[in-house]
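Engineer: predicted structure and sequence below. I'll ask about it afterward.
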Amino acid sequence: MNPTDKHAASTEHMVDYDRHSHMQDWAVLSKSALIANLVEQIGTVTPEFVLTDYGCGPGHSAIDAVTPAIEAYRKLDETAPMVIRHGDQPGNDWNSLLALIYGADGYRKKFSDIRTELAIDTFYLPMAAPGSVALATSFAASHWLSHAIAPWSAGAVWFSDMEGVARREMAALARSDWQRFLRLRAEELRPGGFLLVSTLGSIEDADEINGVKASSRRLYRAIQTVAQQMVDDGLLLQSALDHFAFPVWFPTEREAREPIETETDLADAFEIVSCGVEPASVNPEDVYVNEIGDPEAYGRLYAGYVRAFGESSLRLHLFARSTPDPAEVDRLNEEFFNRFARLYKEAPGAHAAETWIMTMVLRRR
Ligand SMILES: C[S@@+](CC[C@H](N)C(=O)[O-])C[C@H]1O[C@@H](n2cnc3c(N)ncnc32)[C@H](O)[C@@H]1O
(Lines give C-alpha, C1' and ligand atoms only; values in the text may rest on other atoms or scores of the structure.)
Protein backbone atom coordinates (compact mmCIF):
# COMPACT_ATOMS: atom_id res chain seq x y z
CA MET A 1 0.00 0.00 0.00
CA ASN A 2 1.23 3.48 -0.79
CA PRO A 3 2.23 5.22 2.47
CA THR A 4 0.94 8.51 1.13
CA ASP A 5 -2.56 7.14 0.49
CA LYS A 6 -4.65 9.67 2.44
CA HIS A 7 -7.40 7.26 3.32
CA ALA A 8 -4.97 4.88 4.96
CA ALA A 9 -2.97 7.55 6.85
CA SER A 10 -2.34 6.34 10.39
CA THR A 11 -3.07 9.82 11.74
CA GLU A 12 -3.65 13.05 9.87
CA HIS A 13 -3.02 15.52 12.66
CA MET A 14 -3.08 16.13 16.40
CA VAL A 15 -6.11 17.82 18.04
CA ASP A 16 -5.73 20.78 20.45
CA TYR A 17 -2.24 19.41 20.94
CA ASP A 18 -0.47 22.29 22.63
CA ARG A 19 -2.76 22.15 25.68
CA HIS A 20 -2.72 18.37 25.98
CA SER A 21 0.82 17.27 25.31
CA HIS A 22 2.45 17.64 28.73
CA MET A 23 3.97 14.19 28.64
CA GLN A 24 5.40 14.71 25.16
CA ASP A 25 6.83 18.12 26.11
CA TRP A 26 8.46 16.73 29.28
CA ALA A 27 10.05 14.01 27.15
CA VAL A 28 11.48 16.61 24.77
CA LEU A 29 12.71 18.88 27.59
CA SER A 30 14.44 15.94 29.25
CA LYS A 31 16.70 15.70 26.17
CA SER A 32 17.84 19.36 26.10
CA ALA A 33 21.37 18.66 27.37
CA LEU A 34 21.73 15.69 24.99
CA ILE A 35 20.68 17.81 22.00
CA ALA A 36 23.17 20.55 22.93
CA ASN A 37 25.89 17.94 23.35
CA LEU A 38 25.22 16.44 19.90
CA VAL A 39 25.51 19.89 18.32
CA GLU A 40 28.84 20.43 20.08
CA GLN A 41 30.09 17.07 18.80
CA ILE A 42 29.05 17.90 15.24
CA GLY A 43 30.71 21.31 15.42
CA THR A 44 30.52 24.05 12.82
CA VAL A 45 29.11 22.94 9.47
CA THR A 46 29.55 24.64 6.08
CA PRO A 47 27.76 25.94 4.14
CA GLU A 48 25.05 25.68 6.82
CA PHE A 49 24.00 23.59 9.81
CA VAL A 50 20.64 21.93 9.08
CA LEU A 51 18.53 20.49 11.89
CA THR A 52 15.46 18.57 10.74
CA ASP A 53 12.82 17.56 13.30
CA TYR A 54 10.68 14.72 11.91
CA GLY A 55 7.08 14.66 13.16
CA CYS A 56 7.38 18.05 14.88
CA GLY A 57 3.66 18.48 15.65
CA PRO A 58 2.00 21.86 16.21
CA GLY A 59 2.89 22.62 19.85
CA HIS A 60 5.52 24.03 22.21
CA SER A 61 7.39 20.74 22.12
CA ALA A 62 8.42 21.57 18.53
CA ILE A 63 10.11 24.73 19.84
CA ASP A 64 11.61 22.96 22.85
CA ALA A 65 13.12 20.34 20.52
CA VAL A 66 15.14 22.89 18.54
CA THR A 67 15.96 25.69 20.99
CA PRO A 68 18.80 23.82 22.77
CA ALA A 69 20.39 23.11 19.37
CA ILE A 70 20.20 26.76 18.34
CA GLU A 71 21.68 27.95 21.62
CA ALA A 72 24.47 25.39 21.43
CA TYR A 73 25.29 26.29 17.82
CA ARG A 74 25.34 30.00 18.60
CA LYS A 75 27.84 29.30 21.37
CA LEU A 76 30.07 27.62 18.78
CA ASP A 77 29.64 30.38 16.23
CA GLU A 78 27.62 33.58 16.61
CA THR A 79 26.92 34.05 12.93
CA ALA A 80 27.30 30.76 11.02
CA PRO A 81 24.21 30.02 8.89
CA MET A 82 21.74 27.66 10.51
CA VAL A 83 18.52 26.15 9.18
CA ILE A 84 15.77 24.80 11.43
CA ARG A 85 13.45 22.56 9.47
CA HIS A 86 10.18 21.42 11.01
CA GLY A 87 8.84 18.28 9.31
CA ASP A 88 5.34 16.87 9.55
CA GLN A 89 2.33 15.79 7.49
CA PRO A 90 0.13 18.16 5.46
CA GLY A 91 -2.64 17.98 8.09
CA ASN A 92 -0.39 19.31 10.88
CA ASP A 93 -1.63 22.63 12.30
CA TRP A 94 1.11 24.65 10.63
CA ASN A 95 -0.47 28.02 11.42
CA SER A 96 -0.39 27.30 15.16
CA LEU A 97 3.20 26.14 14.91
CA LEU A 98 4.31 29.24 12.99
CA ALA A 99 2.50 31.47 15.51
CA LEU A 100 4.53 29.81 18.28
CA ILE A 101 7.83 29.99 16.39
CA TYR A 102 7.43 33.72 15.70
CA GLY A 103 5.64 34.50 19.01
CA ALA A 104 6.91 35.56 22.43
CA ASP A 105 8.18 32.08 23.40
CA GLY A 106 9.47 31.20 19.94
CA TYR A 107 13.11 31.14 18.90
CA ARG A 108 12.76 33.68 16.10
CA LYS A 109 12.48 36.67 18.45
CA LYS A 110 15.89 35.99 19.93
CA PHE A 111 17.55 34.31 16.93
CA SER A 112 16.21 36.24 13.95
CA ASP A 113 19.11 35.16 11.71
CA ILE A 114 18.04 31.49 11.79
CA ARG A 115 16.32 30.29 8.62
CA THR A 116 13.07 28.47 9.41
CA GLU A 117 11.79 25.92 6.91
CA LEU A 118 8.81 23.58 6.85
CA ALA A 119 9.11 20.14 5.28
CA ILE A 120 5.58 18.96 4.61
CA ASP A 121 5.38 15.27 3.85
CA THR A 122 5.47 11.86 5.43
CA PHE A 123 8.76 10.85 7.01
CA TYR A 124 8.35 7.55 5.16
CA LEU A 125 9.45 9.48 2.06
CA PRO A 126 12.56 11.66 1.62
CA MET A 127 12.25 15.00 3.42
CA ALA A 128 15.69 16.48 2.74
CA ALA A 129 18.40 16.49 0.08
CA PRO A 130 20.95 13.65 0.38
CA GLY A 131 23.75 14.41 2.82
CA SER A 132 22.28 17.75 3.86
CA VAL A 133 21.17 17.22 7.48
CA ALA A 134 23.62 17.62 10.38
CA LEU A 135 21.21 16.76 13.18
CA ALA A 136 17.99 14.78 12.75
CA THR A 137 15.57 14.56 15.66
CA SER A 138 12.24 12.82 16.06
CA PHE A 139 10.14 12.92 19.22
CA ALA A 140 7.02 10.86 19.92
CA ALA A 141 6.44 10.41 16.19
CA SER A 142 8.25 7.38 14.73
CA HIS A 143 5.94 5.01 16.61
CA TRP A 144 3.22 5.99 14.09
CA LEU A 145 3.17 3.45 11.28
CA SER A 146 3.16 4.45 7.63
CA HIS A 147 -0.50 3.54 7.17
CA ALA A 148 -3.43 2.02 8.98
CA ILE A 149 -4.14 -1.65 8.64
CA ALA A 150 -7.33 -3.39 9.68
CA PRO A 151 -6.56 -6.93 10.75
CA TRP A 152 -9.22 -8.87 12.67
CA SER A 153 -8.17 -8.12 16.24
CA ALA A 154 -11.24 -8.55 18.45
CA GLY A 155 -10.63 -7.26 21.98
CA ALA A 156 -7.41 -5.40 21.13
CA VAL A 157 -7.29 -1.83 19.83
CA TRP A 158 -3.51 -1.79 19.74
CA PHE A 159 -0.50 -3.87 18.87
CA SER A 160 0.48 -4.93 22.36
CA ASP A 161 -2.67 -6.93 23.10
CA MET A 162 -2.97 -8.48 19.63
CA GLU A 163 -2.32 -12.13 19.04
CA GLY A 164 -1.94 -14.49 16.08
CA VAL A 165 -2.15 -13.20 12.51
CA ALA A 166 -3.04 -9.63 13.52
CA ARG A 167 0.02 -9.32 15.73
CA ARG A 168 2.27 -10.80 13.05
CA GLU A 169 0.89 -8.45 10.40
CA MET A 170 1.38 -5.45 12.65
CA ALA A 171 4.90 -6.56 13.65
CA ALA A 172 5.90 -6.99 10.00
CA LEU A 173 4.67 -3.49 9.14
CA ALA A 174 6.42 -1.98 12.16
CA ARG A 175 9.68 -3.69 11.21
CA SER A 176 9.60 -2.57 7.58
CA ASP A 177 8.54 0.99 8.54
CA TRP A 178 11.39 1.33 11.04
CA GLN A 179 13.88 0.14 8.44
CA ARG A 180 12.46 2.53 5.89
CA PHE A 181 12.66 5.43 8.38
CA LEU A 182 16.30 4.61 9.14
CA ARG A 183 17.31 4.18 5.47
CA LEU A 184 15.80 7.53 4.54
CA ARG A 185 17.53 9.31 7.41
CA ALA A 186 20.82 7.59 6.48
CA GLU A 187 20.47 9.15 3.01
CA GLU A 188 19.72 12.60 4.38
CA LEU A 189 22.38 12.84 7.11
CA ARG A 190 25.88 14.15 6.51
CA PRO A 191 28.79 11.96 7.62
CA GLY A 192 29.39 12.75 11.30
CA GLY A 193 25.78 13.85 11.76
CA PHE A 194 23.47 12.37 14.39
CA LEU A 195 19.97 10.94 14.46
CA LEU A 196 18.21 11.25 17.83
CA VAL A 197 14.98 9.28 18.09
CA SER A 198 12.88 9.47 21.23
CA THR A 199 9.58 7.68 21.17
CA LEU A 200 7.18 5.66 23.30
CA GLY A 201 8.71 2.31 24.12
CA SER A 202 8.06 -1.11 25.58
CA ILE A 203 9.88 -3.25 28.12
CA GLU A 204 10.18 -7.01 28.10
CA ASP A 205 7.98 -8.54 30.81
CA ALA A 206 7.18 -12.24 30.91
CA ASP A 207 3.90 -11.60 32.76
CA GLU A 208 2.40 -9.53 29.93
CA ILE A 209 0.62 -10.57 26.74
CA ASN A 210 3.32 -11.09 24.07
CA GLY A 211 6.00 -10.74 26.78
CA VAL A 212 6.20 -6.94 26.69
CA LYS A 213 4.67 -4.18 28.76
CA ALA A 214 4.08 -1.24 26.48
CA SER A 215 3.65 2.42 27.39
CA SER A 216 0.07 3.43 28.20
CA ARG A 217 -1.16 -0.17 28.30
CA ARG A 218 -3.97 0.64 30.77
CA LEU A 219 -5.00 3.67 28.73
CA TYR A 220 -5.36 1.64 25.53
CA ARG A 221 -7.32 -0.99 27.45
CA ALA A 222 -9.60 1.83 28.70
CA ILE A 223 -10.13 2.90 25.08
CA GLN A 224 -11.12 -0.69 24.26
CA THR A 225 -13.55 -0.75 27.20
CA VAL A 226 -15.29 2.50 26.22
CA ALA A 227 -15.50 1.50 22.54
CA GLN A 228 -16.97 -1.91 23.46
CA GLN A 229 -19.58 -0.20 25.67
CA MET A 230 -20.55 1.94 22.68
CA VAL A 231 -20.91 -1.22 20.57
CA ASP A 232 -23.05 -2.81 23.31
CA ASP A 233 -25.23 0.32 23.34
CA GLY A 234 -25.74 0.08 19.58
CA LEU A 235 -23.66 3.17 18.73
CA LEU A 236 -20.71 1.50 17.00
CA LEU A 237 -20.50 -1.59 14.80
CA GLN A 238 -18.85 -4.61 16.39
CA SER A 239 -17.21 -5.39 13.02
CA ALA A 240 -15.68 -1.87 12.92
CA LEU A 241 -14.24 -2.26 16.43
CA ASP A 242 -12.99 -5.79 15.76
CA HIS A 243 -11.00 -4.44 12.79
CA PHE A 244 -9.84 -1.24 14.45
CA ALA A 245 -6.22 -0.94 15.55
CA PHE A 246 -4.24 2.17 16.45
CA PRO A 247 -1.50 2.22 13.80
CA VAL A 248 1.33 2.45 16.32
CA TRP A 249 4.16 0.25 17.55
CA PHE A 250 6.19 1.12 20.66
CA PRO A 251 9.56 -0.63 20.24
CA THR A 252 11.56 -2.51 22.81
CA GLU A 253 15.28 -1.78 22.91
CA ARG A 254 15.86 -5.03 20.98
CA GLU A 255 13.43 -4.05 18.23
CA ALA A 256 14.95 -0.59 17.93
CA ARG A 257 18.48 -1.93 17.60
CA GLU A 258 17.75 -4.94 15.43
CA PRO A 259 17.92 -3.49 11.90
CA ILE A 260 21.13 -1.59 12.60
CA GLU A 261 22.69 -4.78 13.91
CA THR A 262 21.42 -7.11 11.19
CA GLU A 263 20.97 -5.13 7.94
CA THR A 264 24.32 -4.62 6.25
CA ASP A 265 23.56 -1.26 4.68
CA LEU A 266 22.26 0.16 7.96
CA ALA A 267 25.20 -1.24 9.93
CA ASP A 268 27.48 0.43 7.37
CA ALA A 269 25.61 3.72 7.64
CA PHE A 270 25.16 4.02 11.40
CA GLU A 271 27.05 3.54 14.62
CA ILE A 272 24.77 3.02 17.65
CA VAL A 273 25.93 5.59 20.18
CA SER A 274 23.23 4.73 22.72
CA CYS A 275 19.90 2.96 22.88
CA GLY A 276 17.61 2.16 25.78
CA VAL A 277 14.08 2.24 27.15
CA GLU A 278 13.63 4.12 30.43
CA PRO A 279 10.71 5.36 32.52
CA ALA A 280 9.70 8.91 31.54
CA SER A 281 11.51 11.60 33.51
CA VAL A 282 8.25 13.10 34.85
CA ASN A 283 5.21 11.19 36.16
CA PRO A 284 6.23 7.81 34.69
CA GLU A 285 3.48 5.91 36.56
CA ASP A 286 0.57 8.23 35.78
CA VAL A 287 0.82 11.17 33.38
CA TYR A 288 -1.76 13.18 35.38
CA VAL A 289 -0.94 12.01 38.90
CA ASN A 290 -0.73 15.65 40.04
CA GLU A 291 -4.49 16.01 39.40
CA ILE A 292 -5.55 12.70 40.92
CA GLY A 293 -7.17 14.49 43.87
CA ASP A 294 -9.54 16.33 41.52
CA PRO A 295 -11.36 13.55 39.62
CA GLU A 296 -13.19 15.98 37.32
CA ALA A 297 -9.91 17.55 36.14
CA TYR A 298 -8.20 14.13 36.02
CA GLY A 299 -10.90 12.78 33.68
CA ARG A 300 -10.87 15.90 31.54
CA LEU A 301 -7.07 15.86 31.17
CA TYR A 302 -6.93 12.18 30.21
CA ALA A 303 -9.69 12.70 27.63
CA GLY A 304 -7.77 15.70 26.24
CA TYR A 305 -4.56 13.66 26.14
CA VAL A 306 -6.14 10.85 24.09
CA ARG A 307 -8.04 13.33 21.93
CA ALA A 308 -4.78 15.12 21.10
CA PHE A 309 -2.98 12.12 19.66
CA GLY A 310 -5.82 9.69 19.02
CA GLU A 311 -8.91 11.53 17.76
CA SER A 312 -7.78 11.59 14.14
CA SER A 313 -7.23 7.79 14.08
CA LEU A 314 -10.48 7.05 15.93
CA ARG A 315 -12.50 9.23 13.56
CA LEU A 316 -10.90 7.84 10.40
CA HIS A 317 -10.68 4.19 11.29
CA LEU A 318 -13.42 3.51 13.86
CA PHE A 319 -16.25 6.05 13.90
CA ALA A 320 -16.35 6.62 10.12
CA ARG A 321 -16.49 2.85 9.67
CA SER A 322 -19.62 2.68 11.82
CA THR A 323 -21.58 5.34 9.92
CA PRO A 324 -21.31 7.13 6.53
CA ASP A 325 -22.82 10.34 8.00
CA PRO A 326 -20.14 12.96 8.93
CA ALA A 327 -22.45 14.61 11.49
CA GLU A 328 -22.93 11.24 13.17
CA VAL A 329 -19.14 10.76 13.23
CA ASP A 330 -18.93 14.07 15.17
CA ARG A 331 -21.58 12.86 17.62
CA LEU A 332 -19.84 9.50 18.12
CA ASN A 333 -16.58 11.32 18.71
CA GLU A 334 -18.11 13.54 21.42
CA GLU A 335 -19.86 10.58 23.01
CA PHE A 336 -16.65 8.57 23.09
CA PHE A 337 -14.62 11.30 24.80
CA ASN A 338 -17.41 12.12 27.30
CA ARG A 339 -17.52 8.46 28.30
CA PHE A 340 -13.74 8.25 28.41
CA ALA A 341 -13.49 11.28 30.75
CA ARG A 342 -16.21 9.74 32.96
CA LEU A 343 -14.33 6.43 33.22
CA TYR A 344 -11.22 8.23 34.50
CA LYS A 345 -13.22 10.50 36.80
CA GLU A 346 -15.03 7.56 38.41
CA ALA A 347 -11.87 5.57 39.18
CA PRO A 348 -8.85 7.90 39.41
CA GLY A 349 -5.63 5.92 39.03
CA ALA A 350 -7.25 2.69 37.81
CA HIS A 351 -6.43 3.34 34.14
CA ALA A 352 -3.29 5.44 34.67
CA ALA A 353 -0.97 5.71 31.68
CA GLU A 354 2.57 4.59 32.43
CA THR A 355 5.25 5.94 30.13
CA TRP A 356 8.49 4.35 28.98
CA ILE A 357 10.60 6.25 26.49
CA MET A 358 12.84 4.61 23.91
CA THR A 359 15.81 6.86 23.19
CA MET A 360 18.32 6.08 20.49
CA VAL A 361 21.28 8.08 19.22
CA LEU A 362 22.87 7.01 15.94
CA ARG A 363 25.94 8.53 14.35
CA ARG A 364 26.16 8.65 10.57
CA ARG A 365 29.48 7.11 9.57
C1 LIG B 1 2.45 12.89 19.25
S2 LIG B 1 2.90 14.04 18.01
C3 LIG B 1 4.53 14.48 18.52
C4 LIG B 1 4.86 15.91 18.23
C5 LIG B 1 6.16 16.41 18.82
N6 LIG B 1 7.31 15.84 18.12
C7 LIG B 1 6.22 16.11 20.29
O8 LIG B 1 7.12 15.36 20.73
O9 LIG B 1 5.38 16.62 21.02
C10 LIG B 1 3.23 13.00 16.61
C11 LIG B 1 3.49 13.79 15.36
O12 LIG B 1 4.00 12.91 14.38
C13 LIG B 1 3.42 13.25 13.16
N14 LIG B 1 3.48 12.11 12.25
C15 LIG B 1 2.88 10.90 12.39
N16 LIG B 1 3.15 10.14 11.33
C17 LIG B 1 3.92 10.88 10.50
C18 LIG B 1 4.52 10.64 9.24
N19 LIG B 1 4.37 9.49 8.61
N20 LIG B 1 5.26 11.63 8.68
C21 LIG B 1 5.43 12.82 9.30
N22 LIG B 1 4.90 13.10 10.51
C23 LIG B 1 4.15 12.13 11.10
C24 LIG B 1 1.98 13.63 13.51
O25 LIG B 1 1.36 14.37 12.48
C26 LIG B 1 2.21 14.41 14.79
O27 LIG B 1 2.38 15.76 14.56
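Structural biologist: Okay, I see it.
Engineer: immediately after the helix or strand of the chain with the lowest mean pLDDT, which helix or strand?
Structural biologist: Every helix and strand in the chain was compared by mean pLDDT, DSSP states H and E; the lowest is helix 22-29, with a mean of 90. With elements assigned by DSSP states H and E, the helix or strand that comes after helix 22-29 is helix 32-42.
Engineer: mind listing what's buried along the next helix or strand along the chain from that following helix?
Structural biologist: Counting by DSSP H and E, the element after helix 32-42 in chain order, helix or strand, is strand 49-54. Of the residues in strand 49-54, 49-54 count as buried by neighbour count, 16 or more other C-beta atoms under 10 Å. Bear in mind the C-beta positions are built from the backbone N, C-alpha and C, glycine included.
Engineer: and the residues you listed, which two are the farthest apart?
Structural biologist: 49 and 54 (16.8 Å; C-beta to C-beta).
Engineer: and residue 296, how many neighbours?
Structural biologist: Around residue 296 sit 11 other residues, with neighbours defined as other C-beta atoms under 10 Å.
Engineer: can you check residue 262 too?
Structural biologist: Quick note: residue 262 (other C-beta under 10 Å) scores 10 neighbours.
Engineer: gap between it and the ligand?
Structural biologist: According to C-beta to the nearest ligand atom, to the nearest Å, residue 262 and the ligand sit 24 Å apart.
Engineer: cool, residue 156 as well?
Structural biologist: Distance from residue 156 to the ligand, counting by C-beta to the nearest ligand atom: 21 Å.
Engineer: and the residue in the stretch 51-200 of the chain that the ligand sits nearest to, what are its phi and psi?
Structural biologist: Relative to the ligand, the nearest point of the stretch 51-200 of the chain is residue 57 (2.6 Å; C-beta to the nearest ligand atom). Torsion angles at residue 57 (phi, psi; degrees, to the nearest 10) stand at phi 70, psi -180.
Engineer: which residues sit in contact with it?
Structural biologist: With contact set as C-beta atoms under 8 Å, 6 or more residues apart in numbering, residue 57 has these partners: 14, 17, 21, 24, 88, 92, 97, 140-141.
Engineer: thinking residue 20 is in contact with residue 310, fair?
Structural biologist: No: under the criterion of C-beta atoms under 8 Å, residue 20 is not in contact with residue 310, lying 10.6 Å apart.
Engineer: shared neighbours of the two, anything?
Structural biologist: With C-beta under 8 Å, 6+ apart, residue 20 and residue 310 have no common neighbours.
Engineer: go through the contacts of residue 57 and flag which are in strands.
Structural biologist: residue 88 (DSSP state E).
Engineer: which one of the contacts of residue 57 is nearest to residue 318?
Structural biologist: Closest to residue 318, out of all of the contacts of residue 57 and judged by C-beta to C-beta, is residue 14, at 17.2 Å.
Engineer: the closest one and residue 254, how far apart?
Structural biologist: 29 Å (C-beta to C-beta, to the nearest Å).
Engineer: who in the stretch 51-200 of the chain is up against the ligand?
Structural biologist: Contact residues, the stretch 51-200 of the chain versus the ligand (C-beta under 6 Å from any ligand atom): 55-57, 59, 61-62, 88-89, 92, 122-124, 139-141, 144.
Engineer: which stretches of the stretch 151-300 of the chain form strands?
Structural biologist: 189-200, 202-204, 212-214, 270-279 (DSSP state E, counting those that start in this stretch).
Engineer: quick one: buried residues of the longest helix along the chain?
Structural biologist: For the chain, the helix with the greatest residue count under DSSP state H is helix 164-188. Using 16+ other C-beta under 10 Å as the test for burial, helix 164-188 gives 166-167, 169-170, 173-174, 177-182, 184-188.
Engineer: so residue 159 makes contact with residue 251?
Structural biologist: No: here residue 159 does not reach residue 251: they are 10.4 Å apart, not a contact under C-beta under 8 Å.
Engineer: identify the contacts common to those two.
Structural biologist: residue 174.
Engineer: can you pull out the helices in the stretch 1-150 of the chain?
Structural biologist: In the stretch 1-150 of the chain, the helices defined using DSSP state H, counting those that start in this stretch lie at 22-29, 32-42, 60-76, 94-102, 107-110.
Engineer: with mean neighbour count added, can I get the ones you listed in a markdown table?
Structural biologist: Converted to a markdown table, the helices of the stretch 1-150 of the chain look like this (neighbours: other C-beta atoms under 10 Å):
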| stretch | mean neighbour count |
| --- | --- |
| helix 22-29 | 22 |
| helix 32-42 | 18 |
| helix 60-76 | 22 |
| helix 94-102 | 16 |
| helix 107-110 | 15 |
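Engineer: quick check: residues of the stretch 201-350 of the chain near the ligand?
Structural biologist: residue 309.
Engineer: okay, now the one residue in the stretch 201-350 of the chain that gets nearest to the ligand: neighbour count?
Structural biologist: Nearest residue of the stretch 201-350 of the chain to the ligand (C-beta to the nearest ligand atom) works out as residue 309 at 4.7 Å. Look at residue 309: counted by other C-beta under 10 Å, it has 23 neighbours.
Engineer: picking that back up, least confident of the helices of the stretch 1-150 of the chain, on average?
Structural biologist: With a mean of 90, helix 22-29 has the lowest mean pLDDT of these.
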